[in-house]
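S.K.: Let's see this in three dimensions:
(2 chains)
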Amino acid sequence: MHVPIRSWSVLVCAAVMLVIATSAAGQIEDQINGYKGVNGEGYLQPLADAIGADLNGGLWHSAYIPQEGFYVNIETRLLNVYFDDEQRTFTFTLPEGQTAEQGESLSVPSVVGDTEGGVILVDGFPDAGYAPGFDINSFAVAVPQIRIGAVKGTEAVIRYIAFDAGDVELGNMSLLGLGARHSISQYMDPDFPVDIAAGFFWQSFKLGDELIDASAMTFGVHGSKRFPAGFAIIEPYAGLGFDMFSMDVSYVFDEDGPDEETIDLAMESDAAVRFTLGLHLQAAFLDLNAEYNIAAMNGFALGLGFTFGS
Amino acid sequence: MKKALLLISALILVGFFACGTDCIIHTRELTIVVTEFVCSEFTEDHNDENYMDEIVEVTPEFWEDLDDLLADNGMTHGDILDAEVLGIYYKVITGPTNPPWDVAGRFWVNVDGVQELVADYQFETLTGPTDYIELVPVQDGLDLLTDALQQYLAATDPSGYPTVFFTADRETGDIDPSPSPERVFQMTWHGCLQMRIDFTEEFDVYDMFPAE
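M.R.: The predicted model follows:
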């Protein structure tokens, strides 16, 4: 089936948005270059949490998987999460044996926090400077993905994009995701009122010359109900999943200075349950969906896809 | 229905491109604070009590170091919001030989002929190389240094920079035990000022749903 030219425009737009999401990374690297160890992790943790929450969302929008038949669904997902007030700051850790002067606060901006940097006055030792944040309220990424099915009620889901970000600091960016979903309802009574499926998905995201190396995993159970509506199908859906995410960041501390060293941070988002509620609309080759996710970070996802095949 | 869905799809795409980056890219002005040390090197080499009553004057490449710091961060004087001297420190680089030694002394700063005491340290115990150790500053001296810093930042070229030099003096009894040919006191150390420089820089950030 011929895929309309507009679908390629959607995919190009999605790639542009992912580039935009990465364009801030170079500026962020400038700010964290002054941080070592736990302070670097504290500064970046909200960004790690957001990337993980976004990547683990928008992977599916229907629990219906036919037992057999060939189809390819080319999709774009816009995934967005919101930062809460707690994520705008973190507690600065001074080197062992050092304490802040009386009255000094150790609560300083994270990467998404207030835009004012400053200094913490330290008793008897050099005062410690802290970086400003970028005052970011939400974090969205757009990713393309393909679903291919079905064999014995199983479909494959693939996400892939790779390109040179065009910034000397960032270098290349790549996202690779692989997963599968399997129909549970094929084993159940044909009169069972809803479709049920289970799925697993793994993703790897890399940015720059070892700046960011992240991996995400999610698995869960999905349910949906298809309602024919003339030419279209309206399908509410819900799901329960379990997300895991880890991110390694590598940067140079005090570059070109007397204390230059490579700092490696390993950040993990707390494993979290994800509850999804959404609505899917299918008409001929067109798929639209919108969902809200309650997870480690709450947010929404929008999807646009084009299906060809059975 | 089919036509309606195609229309919705087209509107979504039009919305993407009509909104473009203006809806999702916003400019943030960040206040960035840089702290740096500007140091002068002192060398000690004494084997008799003539070490006492010694005055050492050091004119550091003070403003050159600050010019280099600004250049490293891509800044000019006009980019600076504010600056101040946070504190005064010493750092033992090599030595001392034959430790330990208890030393006392005073630092003076002279800015365009005006002299103020900036630190009066009492018997710091020296046993070997150290990291930066803070001395209790004298506020009048810090204020004079901060005024000099402000004058430096307001200058449009080096001819407008104030002249700054430091003096370290000791008196009899300012070191225990007294150096001798049998117990020589040799050490290299830095006297440093920790500076704070605030500047602003604009960044474009990606935020689809900003708070304001």
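S.K.: Give me the next element, helix or strand, following the worst-scoring helix or strand of chain B on mean pLDDT.
M.R.: Ranking every helix and strand in chain B by mean pLDDT, DSSP states H and E puts helix B:2-19 at the bottom, with a mean of 46. Next along the chain after helix B:2-19, taking DSSP states H and E as the criterion, comes strand B:25-46.
S.K.: Wondering if that following strand reaches chain A at all.
M.R.: Yes: residues of strand B:25-46 are located near chain A by C-beta under 8 Å from any C-beta of the partner chain, namely B:I25, B:R28, B:E29, B:L30, B:T31, B:I32, B:V33, B:V34, B:T35, B:F37. All C-beta atoms are positioned from the backbone trio N, CA, C, and that covers glycine.
S.K.: State the pLDDT value of the second one.
M.R.: In the predicted model, B:R28 carries a pLDDT score of 89.
S.K.: residues in contact with it?
M.R.: Contacts for B:R28 were tallied using C-beta atoms under 8 Å, 6 or more residues apart in numbering or on different chains; they are A:T115, A:F134, A:D135, B:E202, B:F203, B:D204, B:V205.
S.K.: Of these, which belong to helices?
M.R.: Helix and strand membership here follows DSSP state H; of the contacts of B:R28, not one is in helices.
S.K.: quick one: which of the residues you listed is nearest B:F42?
M.R.: Of all these, A:T115 has the smallest distance to B:F42: 40.4 Å, by C-beta to C-beta.
S.K.: The closest one against B:T31, yeah?
M.R.: Yes: the pair A:T115 / B:T31 is scored as a contact, 6.3 Å apart, by C-beta atoms under 8 Å.
S.K.: Show me whatever sits in contact with both of those two.
M.R.: Residues touching both A:T115 and B:T31 comprise A:P132, with contact defined as C-beta under 8 Å, 6+ apart.
S.K.: Throw together a ChimeraX command that grabs the buried residues out of the residues of strand B:25-46 next to chain A.
M.R.: What follows is the ChimeraX syntax for the buried subset of these, where burial is set by 16 or more other C-beta atoms under 10 Å in any protein chain shown:
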select /B:28,30,31,32,33,34,35,37
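S.K.: secondary structure element for A:M297?
M.R.: For A:M297, no secondary-structure element claims it when assigned by DSSP H and E, so it is in no helix or strand.
S.K.: Would you check that my belief about it contacting A:L55 is correct?
M.R.: No: contact status for A:M297 versus A:L55: not in contact, 11.5 Å apart, counting by C-beta under 8 Å.
S.K.: check contacts around the residue of chain A most remote from its centre.
M.R.: Checked against the mean C-alpha position of chain A, the extreme residue using C-alpha atoms, centre = their mean is A:G124, at a distance of 42.9 Å. By C-beta under 8 Å, 6+ apart, the contact list for A:G124 reads A:Q98, B:I133, B:E134.
S.K.: Can you give me the pLDDT of the second one?
M.R.: This means B:I133. Here, the pLDDT recorded for B:I133 equals 87.
S.K.: Likewise for the first one?
M.R.: Model confidence at A:Q98, given as pLDDT, is 88.
S.K.: how would you label the closest residue to it other than its chain neighbours: helix, strand or coil?
M.R.: Computed as C-beta to C-beta, 6 or more residues apart in numbering or on different chains, the closest residue to A:Q98 that is not its neighbour in sequence is A:F125, at 4.9 Å. Following DSSP: H, G, I helix; E, B strand; the rest coil, A:F125 is assigned to coil.
S.K.: I'd say A:F125 and B:L135 touch.
M.R.: No: counting by C-beta under 8 Å, B:L135 is not a contact partner of A:F125; they are 11.8 Å apart.
S.K.: follow-up on the earlier one: now the residue farthest from the centre of chain A: how far from B:V34?
M.R.: Taking C-beta to C-beta, to the nearest Å as the measure, A:G124 and B:V34 are separated by 22 Å.
S.K.: Bridge partners for the residue lying closest to A:D49 once chain neighbours are set aside, pull those for me.
M.R.: Nearest residue to A:D49 in three dimensions, chain neighbours excluded: A:S269, at 4.9 Å (C-beta to C-beta, 6+ apart). Listed by DSSP bridges, the beta-bridge partners for A:S269 are A:F245.
S.K.: How many neighbouring residues does A:S269 have?
M.R.: The number of residues packed around A:S269, counting by other C-beta atoms under 10 Å in any protein chain shown, is 23.
S.K.: give the contact list for the residue lying closest to A:Q186 once chain neighbours are set aside.
M.R.: Across the structure, with C-beta to C-beta, 6+ apart as the measure, the residue nearest A:Q186 apart from its sequence neighbours is A:G153 (4.3 Å). With contacts defined as C-beta under 8 Å, 6+ apart, the neighbours of A:G153 are A:I65, A:P66, A:Q67, A:H182, A:S183, A:Q186.
S.K.: Would you list the phi and psi of A:G57?
M.R.: A:G57 adopts backbone torsions of phi -110, psi 170, taken as degrees, to the nearest 10.
S.K.: so it touches A:A50, yeah?
M.R.: No: in this structure, A:G57 sits apart from A:A50 without contact. The criterion is C-beta under 8 Å, and the distance is 10.9 Å.
S.K.: Give the intersection of the neighbour lists for those two.
M.R.: Overlap between the contact sets of A:G57 and A:A50, as judged by C-beta under 8 Å, 6+ apart, is nil.
S.K.: Who is B:I32 paired with across the strands?
M.R.: For B:I32, the beta-bridge assignment (DSSP bridges) gives partners B:F199.
S.K.: neighbours around the residue lying closest to A:G241 once chain neighbours are set aside, how many?
M.R.: Nearest-residue entry for A:G241: A:G220, 2.7 Å, with adjacent residues in sequence omitted and distances by C-beta to C-beta, 6+ apart. The burial metric for A:G220, expressed as a neighbour count using other C-beta under 10 Å, is 22.
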